[in-house]
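Asker: predicted model, plus sequence, below.
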Amino acid sequence: QVQLVEFGGGLVQAGGSLRLSCAASGRTFSSYAMGWFRQAPGKEREFVATINLNGALTYYADSVKGRFTISRDNAKNTVYLRVNTLKPEDTAVYYCAADPGSYDYIPRRVAEYHYWGQGTQVTVSS
């Protein structure tokens, strides 16, 4: 089992950047594929990015491709999401998620993830 805590959200102007972090408990962090999702008010939770066990494989939603970068540091049990060129439509609660899997496992659906953090708010002003 793994517990996840996100931080790094905040209020930023359009065009700005943030780095979100997600710290995981436990000694088997490197056994989990990690993902970032977001949920805006009144909308369903949507996929943002995912990364495999060692960081070699990543996948992004089309809406964030080229602006967001997911990475992980297994020595620190942490996954990151660098968010650049933010737009007002990026405003949402951002969640990290974890699911155990094999090397090439990069899940993209909410239902595929067993463990979730509590979320961190990102608000982009125009």
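Answerer: Okay, I see it. Numbers count the residues shown, from 1 in each chain.

Asker: pairing partners for the one helix or strand Arg38 maps to, with directions?
Answerer: Assigned by DSSP states H and E, Arg38 belongs to strand 32-39. With DSSP bridges as the test, strand 32-39 is paired with strand 46-51 (antiparallel), strand 92-100 (antiparallel).

Asker: columns mean pLDDT on top of those, output as CSV?
Answerer: CSV is the format used below for these (pLDDT from 0 to 100):
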stretch, mean pLDDT
strand 46-51, 98
strand 92-100, 97
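
Asker: ok, which of the ones you listed comes nearest Gly8?
Answerer: Checking the strands paired with strand 32-39 against Gly8 by Cβ to Cβ gives strand 92-100 as the closest, at 8.7 Å. Placement of C-beta: from N, CA and C, glycine included.

Asker: report the next helix or strand after that closest one in sequence order.
Answerer: Next along from strand 92-100, by DSSP H and E: strand 115-116.

Asker: what helices or strands is that following strand leaning on?
Answerer: Judged by 3 or more Cβ pairs under 8 Å, 6 or more residues apart in numbering; DSSP states H and E, strand 115-116 is in contact with strand 92-100.

Asker: what comes up buried for the strand holding Arg38?
Answerer: Within strand 32-39, the residues that count as buried by 16 or more other Cβ atoms under 10 Å are Tyr32, Ala33, Met34, Gly35, Trp36, Phe37, Arg38.

Asker: what does stretch 10-29 give?
Answerer: Val12, Leu18, Leu20, Ser21, Cys22, Ala23, Ala24, Phe29.

Asker: surely the first one is within a helix?
Answerer: What it means is Val12. No - looking at Val12 with DSSP: H, G, I helix; E, B strand; the rest coil, it is strand, so not inside a helix.

Asker: for it, list each beta-bridge partner.
Answerer: Val124.

Asker: my read: it touches Ser126, true?
Answerer: No - using Cβ atoms under 8 Å, Val12 is not in contact with Ser126, being 11.2 Å away.
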